[in-house]
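Novice: Sequence plus predicted model, see below.
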Amino acid sequence: MVDQKKQYPLPSAVELLSKMPKAKFNETIDLAFRLGVDPKQSDQMVRGTVPLPHGSGKTVKVLVFAKNGVAADAARAAGAEYVGYEDLVKKCSEGWADFDVAIATPESMAEVRKLGKVLGPRGLMPNPKTGTVTDDTAKAVREVKAGRVEFKVDKAGNVHVPVGKLSFTAEQITENARSVIDAVAKARPHSVKGLFIQSCTLSATMSPPISLDVREHAAA
């Protein structure tokens, strides 16, 4: 069904995906980017966050490191599953990581920084650039729960971002994917020369990748 030599417009790719044989579970839909960057260069790091207009379709477990009562109470009220400080720092240092996103107040980072070797490799370390180090814990929790996703280039110059579930409507998948493509294009480092988005594919968990035509974004 997929012409490997062809680049499909996004709506056509989404339509094609919907016609493929379905698995027995609700598959996750991903965008995969190959970027024209050298991740070894600190000025060519690509990372950021993007709110998905229709959410990710995933239940997100949130942990909040908060030293003071106001930030902790606000995080709990916003729906964070785990809220604490020294108790959670200790638990994480022992290898526990049963959560999807960690948020920390700037004040709590003095201790949370010590978890870099534990949380960093798992992509769970709070970071001001992704909005996960903040005093407004309630806003951060709500955004993450509503479907804000993070993206970060890996050592090979690739970025993978979930954009929804196969149960979403074609319009929802298209709008979510377009938001992510725009966000990645805008995250282009100033030092990058030439073609930035070298390729972009859309796929479900069990489907082959469908190559997208992103020329309008590639040089952005």
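Specialist: That came through fine. Residues are numbered from 1 along each chain as shown.

Novice: Name the residues of stretch 102-115 that come out as buried.
Specialist: The neighbour-count criterion (16 or more other C-beta atoms under 10 Å) identifies 102, 103, 104, 105, 108, 111, 112, 115 as the buried residues of stretch 102-115. Bear in mind the C-beta positions are built from the backbone N, C-alpha and C, glycine included.

Novice: sorry, that was for stretch 11-31
Specialist: 13, 14, 16, 17, 20, 27, 28, 29, 30, 31.

Novice: again with stretch 203-213
Specialist: For stretch 203-213, by 16+ other C-beta under 10 Å, it's 203, 204, 207, 209, 210, 211, 212.

Novice: who touches it?
Specialist: The contact list for stretch 203-213, computed with C-beta atoms under 8 Å, 6 or more residues apart in numbering, reads 2, 4, 6-10, 13, 16-17, 20, 23, 25, 27-30, 32, 166, 181, 199-202.

Novice: domain ranges for the protein?
Specialist: With domains defined by automatic domain parsing, the chain comprises 10-56+148-218, 62-145.

Novice: measure the residue nearest to residue 15 when sequence neighbours are not counted to residue 189 for me?
Specialist: What sits nearest to residue 15 in space, not counting adjacent residues and going by C-beta to C-beta, 6 or more residues apart in numbering, is residue 170, at 6.2 Å. Residue 170 sits 33 Å away from residue 189, going by C-beta to C-beta, to the nearest Å.

Novice: do residue 60 as well
Specialist: 28 Å.

Novice: contacting residues around the spatially most central residue of the chain?
Specialist: By C-alpha atoms, centre = their mean, the chain has its centre lying nearest to residue 150, at 2.6 Å. Applying C-beta under 8 Å, 6+ apart to residue 150 gives the contacts 47, 48, 49, 123, 130.

Novice: Share the number of residues neighbouring residue 172, please.
Specialist: The number of residues packed near residue 172 is 19, by other C-beta atoms under 10 Å.

Novice: Residue numbering should commence at 54 henceforth.
Specialist: Sure, I'll start counting at 54 from here, so that last one is residue 225.

Novice: that's a helix at it, yeah?
Specialist: Yes. Assigned with DSSP: H, G, I helix; E, B strand; the rest coil, residue 225 falls within a helix.
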